[in-house]
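In: give the three-dimensional model of this entry:
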Amino acid sequence: MKTRLQTSENEVEELKRLTGGRPQVAFSATLRETGNAAGNTGPFTTPIPLQYKKVFSNTGSSYNPATGIFTATVKGMYYFRFTMMNNLNDTPNSVVCLTKNGQRLVSVWDTVGTDAHDSGSNAVVIPLEVGDNVYVELLANMLIYDDGMNYNTFSGFLLFTI
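Out: Just a heads-up that it's a prediction; the model follows:
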């Protein structure tokens, strides 16, 4: 037990040395794992967290691609950004919201119109406690579109601890 404790303490000290003692949390992901699968995600009868499957980075392992949920492991101020795409096929309405612990914070929407292939993004800086969850939610009866060009993204990072 003593050896395991000493090994763990050495690993913590090495991590502190590498990061300057500051926690490092950052992720970036896009909706589809493969680049050639085109089509809509949705509509669904209830709001759902979007699962961004293709992970570009996940320093700190706080983002879970199986659920689409970021869980804070460090208390701090965070920056989040998301994008969405609508191609006006089938059900031509798209609404996605950045959600913290079930509360919608900011949204992007696009509705019926004469134009096609609209996209939008939004961002926010928010404080998080350890265990807080942040995700992008697709509202009920809405959809988003991707054709392998990675239009739908979700990213976030720790600005500083508090």
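In: confirm Ala140 sits in a helix?
Out: No. Assignment of Ala140 by DSSP: H, G, I helix; E, B strand; the rest coil gives coil, placing it outside any helix.
In: list the contacts for it?
Out: Contacts of Ala140 were listed using C-beta atoms under 8 Å, 6 or more residues apart in numbering, and they are 43-47. All C-beta spots, glycine's among them, are computed from the backbone N, C-alpha and C.
In: check Lys2 too.
Out: With C-beta under 8 Å, 6+ apart as the criterion, no residue contacts Lys2.
In: any idea how far it lies from Asp118?
Out: 62 Å (C-beta to C-beta, to the nearest Å).
In: for Asn40, same thing?
Out: Per C-beta to C-beta, Asn40 is found 14 Å from Asp118.
In: one more: Phe80?
Out: When C-beta to C-beta is the yardstick, Phe80 and Asp118 sit 21 Å from each other.
In: which of the two has more neighbours?
Out: When Phe80 and Asp118 are compared for neighbours, Phe80 comes out ahead with 23 against 18, by other C-beta atoms under 10 Å.
In: quick check: which element contains the more buried one?
Out: strand 76-86 (DSSP states H and E).
In: relative to that strand, what are the paired strands and their orientations?
Out: The pairing partners recorded for strand 76-86 under DSSP bridges are strand 118-128 (antiparallel), strand 153-161 (antiparallel).
In: filter the contacts of Ala140 down to the ones in helices?
Out: Among the contacts of Ala140, no residue falls in helices (DSSP state H).
In: what about the nearest residue to Met85 once chain neighbours are set aside, distance to Thr59?
Out: Using C-beta to C-beta, 6 or more residues apart in numbering and skipping residues adjacent in sequence, the residue nearest Met85 is Tyr151, 3.5 Å away. In this view, Tyr151 and Thr59 are 24 Å apart by C-beta to C-beta.
In: who has more neighbours, these two?
Out: Between Tyr151 and Thr59, counted using other C-beta under 10 Å, the more crowded position is Tyr151 (20 against 15).
In: ok but the more buried one is inside a helix, no?
Out: No. According to three-state DSSP, Tyr151 belongs to no helix; its state is coil.
In: so it touches Tyr145, yeah?
Out: Yes. Counting by C-beta atoms under 8 Å, Tyr151 does reach Tyr145; the two are 7.4 Å apart.
In: got any residues that touch both of the two?
Out: Common neighbours of Tyr151 and Tyr145, using C-beta under 8 Å, 6+ apart, are Met85.
In: tell me how many other residues surround Pro23.
Out: Applying other C-beta under 10 Å, we find 16 other residues in the vicinity of Pro23.
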